[in-house]
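> My questions are about this predicted structure, shown below with the sequence.
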There are 2 protein chains.
Amino acid sequence: MDTADSASASRPQAAARTRKRASRRAPSASMADVARLAGVSSQTVSRVSNGYAGVNEETRRQVLEAMRELGYRPNSAARALKRGEFRTIGVITFGLSTTGNVRTLEAIATSAAHEGYAVTLLPVAVPTQDEVRGAFSRLGELAVDAVIVILEVHLLDAVTLSLPPHIKVVVADSDAGDRYTVVDTDQAGGSRDAVRYLLGLGHETVWHLAGPEESFAAQRRADAWRAELTGAGRPTPPLVRGDWSAESGYRAGLELAEQPDCTAVFAANDQMALGLLRALHERGRYVPDDVSVIGFDDIPEAGSFLPPLTTVHQDFAEVGRRCVEGVLRQMGQDTPEHGTTLVPTRLVVRDSAGAPRAR
Amino acid sequence: MDTADSASASRPQAAARTRKRASRRAPSASMADVARLAGVSSQTVSRVSNGYAGVNEETRRQVLEAMRELGYRPNSAARALKRGEFRTIGVITFGLSTTGNVRTLEAIATSAAHEGYAVTLLPVAVPTQDEVRGAFSRLGELAVDAVIVILEVHLLDAVTLSLPPHIKVVVADSDAGDRYTVVDTDQAGGSRDAVRYLLGLGHETVWHLAGPEESFAAQRRADAWRAELTGAGRPTPPLVRGDWSAESGYRAGLELAEQPDCTAVFAANDQMALGLLRALHERGRYVPDDVSVIGFDDIPEAGSFLPPLTTVHQDFAEVGRRCVEGVLRQMGQDTPEHGTTLVPTRLVVRDSAGAPRAR
DNA sequence: GCCTGTTATGTTTACGTAAACATCTGATGG
DNA sequence: CCATCAGATGTTTACGTAAACATAACAGGC
């Protein structure tokens, strides 16, 4: 950093700012202005503003009237400074590209708003340790009281240190060991239900189209799939991997279509299931007559697939709600929590899975 | 509101807060703490913290060392209060459900971060005037310097008044008349290109599968489609309407498949195009041999459709960038701007459109 | 009629930062 | 050798809010 430069640059900038502020006609009325107009002390204005009792009804009315007249808005910076809290939750996430992340984020924003908290977005450009560490350390000077992390947690490993001590953390949809509070969809339960349902229909075994190796969610779903098969004493077919995309599902589907003994596939998400359906259709293997398919997520389009997709429904809204609940709970206490909350899934039965063709 | 209740409730709360803060071991070192440790005045710490020149190299080193030791982080609330700006941009949006909104938001967050600005999310639960007005008025006490609105603008009509005067606004992907700065995708240009391309392939005319009536984007695309046909002296087939969803595209597709003279369809988004493809395929009308299809958006999956979809690419990232640029520019000046910036589109040619079957 | 308690309000102060202004040191030039 | 000036640093103050503390008016009990 060239400090001389930054200084010479900052001088005119500061001058411009002062000038700008001076020329602004309405520098936002302060409590003092309201107090003056209403003929009371600023403390009384504060009391009215915060809804304290012990203010005479008539006085309150006058203050409210003065506020209205001046268009008074409490200055949140001053409030935050005085109260020592921002009433803001930061959300760290890599990419808003996946449905799950977005919907979780939306639910977080909604329930945070409901609790009087704002949500600040902290996007991480590329999912590397350094980037995440960077986001975490910038956090310290950011106006947030707590953080919700929606990320694959591999990246959280050595990052803890750089976290300002008073900031509370909840990790969504991941596996943060016992370091943080975790809110997650019950990946294992959902996978178990899917596999069990397919076996219950009479399939000898179930193939699995997994998500990418780096993903914890993918790993959990695959593990549960394997465990359930083993538990039921069924053979475990080789695992097929995709990368969550429909395209990868399509490619995997072309392979699976060549396996005559593959009568049931559990896909780790709906998009891959979509590609899979297309590939099977293209290869003349009919769903569900020849092959049964179950997805995961229950994206809005799932019901419009051909055929409508039987899938494991994830309650993203609930995950978001519990994340907010989690950080707010922690803010009320000194010790950070750890432990995992699982949000249950629900198997949505549509038309893509059925009994195997009689043989 | 029961004021008595809110008061009695707030007393113990305040007590708890005090206790909590007192028991916190590290109440975040302040400048004064750093100054004491480094043996300088807090003003010098401030100078170092803000990178001003005119600080002796040795002194600077000591201050930085003290900062490191105490884990000093500037208090953003105090900074915001002093400087009169939050370095935060608010984004008002209804629903993160549509691809476009999400990707625009992501781009906004990224470029804002790049400029040293944070992004605060202001979700509007239901898209009614009242809700939007509510969001706008809450804005006044929210810690933002500017707002980017990603919304259908019907809702913005009578809302202007409630906006705090010093907050700058940019509207994305909408039509805000001349009230605000608008950044939008060149809907008309993209539509024109699509229609022109299809006519150029030899089609007599082009059908249009439009988005919902309330959507400005849908309206613009439909208008441009109509204008281009009229300009070319072609007949204008009846407009078919969907609601952006694949399901609605499927339903529309079933209708269109019945029209023997329908050889080319311009769908207002890729998801409807997807449903359309499925319906046509199901009805034995092959794409592109019997019917050519062009979409709009170029979602990531578009290249994996069956057949890969020729579509109009939207540069959401650029829209986001320009939104941020727009608010930052306005923050440097007193008078709000108005006027529209159009981000160009690009026709991505894949396999879903071709010459009509020779007749 | 005075003490006590309650209700309504005002005054002081501190939160952490940074601009504005003040001071001090040493060097340069006439 | 002193006036001048630049560089480095310290002191004061204000940003808008709200807790803590102070005060005033008045009611009820003895």
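Cool, got the structure.
> only C-alpha atoms for contact and neighbour calcs from this point on.
Will do.
> Show the model's pLDDT score for the one residue in the stretch 151-300 of chain A that gets nearest to chain B.
Proximity of the stretch 151-300 of chain A to chain B (CA to the nearest CA) peaks at A:E247, 5.4 Å away. Predicted confidence (pLDDT) for A:E247: 89.
> measure it to B:I294 for me?
As judged by CA to CA, to the nearest Å, A:E247 and B:I294 stand 19 Å apart.
> if we can go back for a sec, look at the residue of the stretch 151-300 of chain A closest to chain B and tell me its secondary structure.
Following DSSP: H, G, I helix; E, B strand; the rest coil, the label given to A:E247 is helix.
> more crowded one of A:E247 and B:I294?
B:I294 (30 against 25; other CA atoms under 10 Å in any protein chain shown).
> how about the closest residue to A:R103 other than its chain neighbours, what does it touch?
Nearest residue to A:R103, sequence neighbours excluded (CA to CA, 6 or more residues apart in numbering or on different chains): A:F316, at 6.0 Å. Shown in contact with A:F316 (CA atoms under 8 Å, 6 or more residues apart in numbering or on different chains): A:G100, A:R103, A:T104, A:A107, A:T185.
> Got the phi and psi for the third one?
Think A:T104. phi -60, psi -50 (degrees, to the nearest 10).
> separation between it and A:G211?
Relative to A:G211, and taking CA to CA, A:T104 is found at 19 Å.
> Secondary structure element for A:S28, which one?
In this assignment (DSSP states H and E), A:S28 forms part of neither any helix nor any strand.
> and the residue sitting nearest the centre point of chain A, what pLDDT?
Residue closest to the mean C-alpha point of chain A, counted by CA atoms, centre = their mean, is A:T104 at 3.5 Å. Listed pLDDT for A:T104 reads 90.
> what residues are up against it?
A:F316, A:A317, A:V319, A:G320.
> again with A:Y286
By CA under 8 Å, 6+ apart, the neighbours of A:Y286 are A:L280.
> quick one: secondary structure of it?
coil.
> Over to it: give its phi and psi.
phi -80, psi 140.
> Using a markdown table, please lay out the contacts of A:T104 together with secondary structure.
Formatted as a markdown table, the contacts of A:T104 follow (three-state DSSP):
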| residue | secondary structure |
| --- | --- |
| A:F316 | helix |
| A:A317 | helix |
| A:V319 | helix |
| A:G320 | helix |
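> All the helices of chain A, in order from the start?
Using DSSP state H, the helices of chain A run over A:3-23, A:31-38, A:42-49, A:57-70, A:76-83, A:99-114, A:129-138, A:187-200, A:216-231, A:246-256, A:270-282, A:316-331.
> hey, C-alpha coordinates of the fifth one in CSV?
Right, the one you point to is helix A:76-83. C-alpha atoms of helix A:76-83 as CSV (Å, rounded to 0.1, in the frame of the first residue of the first chain):
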residue,chain,number,x,y,z
SER,A,76,-29.4,3.3,13.4
ALA,A,77,-25.7,3.9,13.6
ALA,A,78,-26.1,5.9,16.8
ARG,A,79,-28.4,3.3,18.2
ALA,A,80,-26.0,0.5,17.3
LEU,A,81,-23.2,2.4,19.0
LYS,A,82,-25.2,3.0,22.1
ARG,A,83,-26.8,-0.4,22.4
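> and the angle for that helix with helix B:76-83?
Helix A:76-83 runs at 130 degrees relative to helix B:76-83, counting by axes from the mean of the first three to the mean of the last three CA atoms, to 10 degrees.
> Just the mean pLDDT for stretch A:265-277, thanks.
On average, stretch A:265-277 scores 94.
> how far is that stretch from where the chain is centred?
With CA atoms, centre = their mean, to the nearest Å as the basis, stretch A:265-277 stands 22 Å off its chain's centre.
> Give me the contacts around that stretch.
For stretch A:265-277, the surrounding residues in contact (CA under 8 Å, 6+ apart) are A:194-195, A:206-211, A:218, A:221-222, A:242, A:244-254, A:287, A:291-299, A:302, A:305-306, A:311.
> end-to-end on stretch A:206-221?
End to end - CA to CA - stretch A:206-221 spans 13 Å.
> buried residues in it?
Under the neighbour-count criterion of 16 or more other CA atoms under 10 Å in any protein chain shown, stretch A:206-221 has A:206-212, A:215-221 buried.
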